[in-house]
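*Asks:* Build the 3D model from these lines:
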Amino acid sequence: MRRVSLILFTTAFTLTAVFAIGPAAQAQPAPLAGFDAALEKAARDWETPGLAVAVVKDGQVVFSKGYGVRALGAAAPVGPSTLFAIGSTTKAMTAALVGMLVDEKKLAWDDPVSKHLPWFQLSDPYLTREITVRDLLTHRAGLGNADYLWYGQPTDPREILRRVRLLPSAYSLRSSFIYQNVMYAAAGAVVEAASGQPWEQMVRARIFEPLGMSGAVPTAATLAKQPDVARPHATVDGNVREIENASTDTVAPAGSVWAGVEDMAKWSAMLLARGKASSGRVLLAPETVDELFAPQTMVTREAFYPTARLTKPKWTTYGLGWFQQDYRGHAVDYHTGSIDGMVAIHGLLRDQGVGVIVLANRDHAELRHAIMFDVFDRFIGGASRDWSTELRGFYDALEKEAESAQKKADARRVPGTAPSLSLERYTGTYADPLRGEVVVTLDGGRLRARYGSAFVGTLEHWHYDTFRATWDAAWRGTALATFVLDATGQPSRIEAMGGRFTRREP
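*Replies:* Numbering: from 1, shown residues only. Predicted coordinates for the structure are as follows:
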């Protein structure tokens, strides 16, 4: 990870010592001796503005605490109830909702999706006929990643699922694994069709309310009304600064929930108790919880977490909303959540009755993995490893690899070339029925591009008819855009963001 200016962190980590919040008299088991101090050090070392951690053991919350601040430059501290984006750890909730409907015999795991969504189509009639509810939850539906359908786009949820019919197949059904947020949105639509209630209402009524998760909210839509919310941060030009929230509400079942570790601990404890809440209420049949954690599909090493290079698992699988691996002779179920400026991890060591939740407000702050494996080591016993230091070095090396690869790519730039046309001739609207529109304008003698609300920036000449987009939201990086001319010398399309957008006639 990039090292950042320490000036920005003076306020945050002066406040850490004062505002580390948690029950002062909280009883902690012996394995957590020194854990609090280790967390304070990890937060400083990883230069994370705010951090919250909870640990569950045998149905009891044995640790729940916040560190640092909700936003740099502000004194508001992080506590156990501070809301963070839990990102894709939401997927386990969506899978659990499906499980509840399975318990009620309103659907079955292996129902064809078309039974509940007759309008849902994929590009291949065979896939449309054969894809099941289980396939939606296991990233094995034969489709490539399609986050461009929703990220920063004005598309509504139904339109996103309608466009799925235009997605080309990436592999044969159930033969591989490619992470797919849009299929979880489809699973949410199945939940609504089978229950008669929107996913947002279901997650409130069937998970938040019975578990007493009073602070959790299903989407970002109501965040402005919430009193205790962390703000996202990312590294921009070598410094960490606050950035804008990136909403996932249009694919809510894939990753839209916001919650604090205090509430997430209740969710974790219920899963460890095989579906029973602390109140005694049964949310899921024990056999259904077992099915959630039963390995459903193999995950390739390339598609698994990079930390596997250090943990060296013998197997890597995906359950229903959970990545899985072996670790020190134990089965581990976990999932991360990552959205601009926010990270989460929820890990379960089920045979030890241990759950850990880590939430932080810095983009890809991988101390989440370090904290989770540290907790697992503490309860397994017999080993001690400085995961925080080890993973910082590991991710520093990964970033250097990425920077080296980028330099090699940049070196392929051909110097001394010029655009074929005057800049104003490249302007226009370029559209693709699957990916939407790229609008190119001329402003102050410079080309500007807009692709949805997330990717807006300046196009600077790179070489020939290729331009480099530098996004106003600098944390989103850069991208190359190539204009393709037709036989008359007019721009006919633009190739950018992985797509080909055809120019509309004026």
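
*Asks:* quick one: buried residues of the longest helix along the chain?
*Replies:* In the chain, with assignment by DSSP state H, the single longest helix is helix 387-410. Buried residues in helix 387-410, counted by 16 or more other Cβ atoms under 10 Å: 387-388, 391-392, 394-395. For glycine as for every other residue, the C-beta is placed from the backbone atoms N, C-alpha and C.

*Asks:* Just give me the closest of those residues to Ser492.
*Replies:* Tyr395 (42.2 Å; Cβ to Cβ).

*Asks:* center of this protein - which residue?
*Replies:* Ser338 (3.2 Å; Cα atoms, centre = their mean).

*Asks:* Paired strands for the next helix or strand after the longest helix of the chain, with orientation please.
*Replies:* Next helix or strand after helix 387-410 toward the C-terminus (DSSP states H and E): strand 428-432. Strand 428-432 has the following strand partners under DSSP bridges: strand 436-443 (antiparallel), strand 499-503 (antiparallel).

*Asks:* how about strand 428-432 as PDB, C-alpha atoms only?
*Replies:* Extracted in PDB, the C-alpha atoms of strand 428-432 (Å, rounded to 0.1, in the frame of the first residue of the first chain):
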ATOM      1  CA  GLY A 428     -20.600  13.200 -29.400                       C
ATOM      2  CA  THR A 429     -22.500  10.500 -27.700                       C
ATOM      3  CA  TYR A 430     -21.300   7.000 -28.000                       C
ATOM      4  CA  ALA A 431     -23.600   4.200 -26.800                       C
ATOM      5  CA  ASP A 432     -23.800   0.500 -26.200                       C
END
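
*Asks:* chain center to it, what's the gap?
*Replies:* In terms of Cα atoms, centre = their mean, to the nearest Å, the centre of strand 428-432 is found 29 Å from the chain centre.

*Asks:* Now do it, average pLDDT.
*Replies:* Here strand 428-432 scores 97 as its mean pLDDT.

*Asks:* what comes into contact with that strand?
*Replies:* 437-440, 491, 493-494, 499-504, 506 (Cβ atoms under 8 Å, 6 or more residues apart in numbering).

*Asks:* which residues are in contact with stretch 180-188?
*Replies:* Counting by Cβ under 8 Å, 6+ apart, 88, 91, 94-95, 98, 113, 117, 120, 133, 135-137, 139, 141, 143-147, 149-150, 157, 160-161, 164, 199, 248, 250-255 sit against stretch 180-188.

*Asks:* Could you provide the strands paired with strand 428-432 in CSV, with additional columns for mean neighbour count and distance to Pro29?
*Replies:* Output for the strands paired with strand 428-432, formatted as CSV (neighbours: other Cβ atoms under 10 Å; distance: least, Cβ to Cβ, whole Å):
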stretch, mean neighbour count, distance to Pro29
strand 436-443, 17, 52
strand 499-503, 18, 52
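
*Asks:* and the contacts of stretch 180-188, which are buried?
*Replies:* By 16+ other Cβ under 10 Å, the contacts of stretch 180-188 give 88, 91, 94-95, 98, 113, 117, 120, 133, 135-137, 139, 141, 143, 146, 149-150, 157, 160-161, 164, 199, 248, 250-255 as buried.

*Asks:* and of the contacts of strand 428-432, the nearest to Ala360?
*Replies:* Gly499 (32.5 Å).

*Asks:* From Phe501, how far off is the nearest residue to that closest one once chain neighbours are set aside?
*Replies:* Take Gly499 and drop its neighbours on the chain: the residue closest to it by Cβ to Cβ, 6 or more residues apart in numbering is Arg435, 4.3 Å away. With the distance defined as Cβ to Cβ, to the nearest Å, Arg435 ends up 7 Å from Phe501.

*Asks:* do Ala141 as well
*Replies:* Taken as Cβ to Cβ, the span from Ala141 to Phe501 is 26 Å.

*Asks:* Check Leu359 too.
*Replies:* For Leu359, the distance to Phe501 - Cβ to Cβ - is 37 Å.

*Asks:* Val289 is in contact with Asn103, correct?
*Replies:* Quick fix: residue 103 is Asp, not Asn. No - between Asp103 and Val289 there is no contact under Cβ atoms under 8 Å: 10.2 Å.

*Asks:* Start and end of stretch 488-503, how far apart?
*Replies:* End-to-end distance for stretch 488-503, by Cα to Cα, to the nearest Å: 14 Å.

*Asks:* Give the rounded mean pLDDT of that stretch.
*Replies:* For stretch 488-503, the mean per-residue pLDDT is 95.

*Asks:* What lies in contact with that stretch?
*Replies:* By Cβ under 8 Å, 6+ apart, the surrounding residues in contact with stretch 488-503 are 148, 420-421, 425-426, 428-432, 434-435, 437-438, 440, 449, 451, 455, 469, 479-486.

*Asks:* Stretch 90-105 too?
*Replies:* Identification of contacts with stretch 90-105 by Cβ under 8 Å, 6+ apart yields 107-109, 133, 137, 184, 187-188, 190-191, 194-195, 199, 202-203, 206-207, 252-257, 267, 271, 283-285, 288-289, 291-292, 320-322, 335, 337, 346.

*Asks:* for it, which positions count as buried?
*Replies:* Within stretch 90-105, the residues that count as buried by 16+ other Cβ under 10 Å are 90-102.

*Asks:* Make a markdown table out of those residues and add pLDDT.
*Replies:* Below are the buried residues of stretch 90-105 laid out as a markdown table (pLDDT from 0 to 100):
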| residue | pLDDT |
| --- | --- |
| Thr90 | 98 |
| Lys91 | 98 |
| Ala92 | 98 |
| Met93 | 98 |
| Thr94 | 98 |
| Ala95 | 98 |
| Ala96 | 98 |
| Leu97 | 98 |
| Val98 | 98 |
| Gly99 | 98 |
| Met100 | 98 |
| Leu101 | 98 |
| Val102 | 98 |
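
*Asks:* ok, back up a step: CA atoms only for the longest helix of the chain - export them in PDB, please.
*Replies:* As requested, the backbone C-alpha atoms of helix 387-410 are provided in PDB (Å, rounded to 0.1, in the frame of the first residue of the first chain):
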ATOM      1  CA  TRP A 387      -0.100 -10.800  10.800                       C
ATOM      2  CA  SER A 388      -0.200  -7.000  10.700                       C
ATOM      3  CA  THR A 389       3.500  -6.600   9.900                       C
ATOM      4  CA  GLU A 390       3.500  -9.500   7.600                       C
ATOM      5  CA  LEU A 391       0.500  -8.400   5.600                       C
ATOM      6  CA  ARG A 392       1.700  -4.800   5.300                       C
ATOM      7  CA  GLY A 393       4.900  -6.100   3.700                       C
ATOM      8  CA  PHE A 394       2.900  -8.500   1.500                       C
ATOM      9  CA  TYR A 395       0.600  -5.800   0.200                       C
ATOM     10  CA  ASP A 396       3.400  -3.300  -0.200                       C
ATOM     11  CA  ALA A 397       5.000  -5.800  -2.500                       C
ATOM     12  CA  LEU A 398       1.800  -6.300  -4.500                       C
ATOM     13  CA  GLU A 399       1.500  -2.600  -5.000                       C
ATOM     14  CA  LYS A 400       5.000  -2.400  -6.300                       C
ATOM     15  CA  GLU A 401       4.200  -5.200  -8.700                       C
ATOM     16  CA  ALA A 402       1.200  -3.300  -9.900                       C
ATOM     17  CA  GLU A 403       3.200  -0.100 -10.300                       C
ATOM     18  CA  SER A 404       5.900  -2.000 -12.300                       C
ATOM     19  CA  ALA A 405       3.200  -3.400 -14.600                       C
ATOM     20  CA  GLN A 406       1.700   0.000 -15.100                       C
ATOM     21  CA  LYS A 407       5.200   1.500 -16.000                       C
ATOM     22  CA  LYS A 408       5.600  -1.300 -18.600                       C
ATOM     23  CA  ALA A 409       2.200  -0.500 -20.100                       C
ATOM     24  CA  ASP A 410       3.000   3.200 -20.200                       C
END
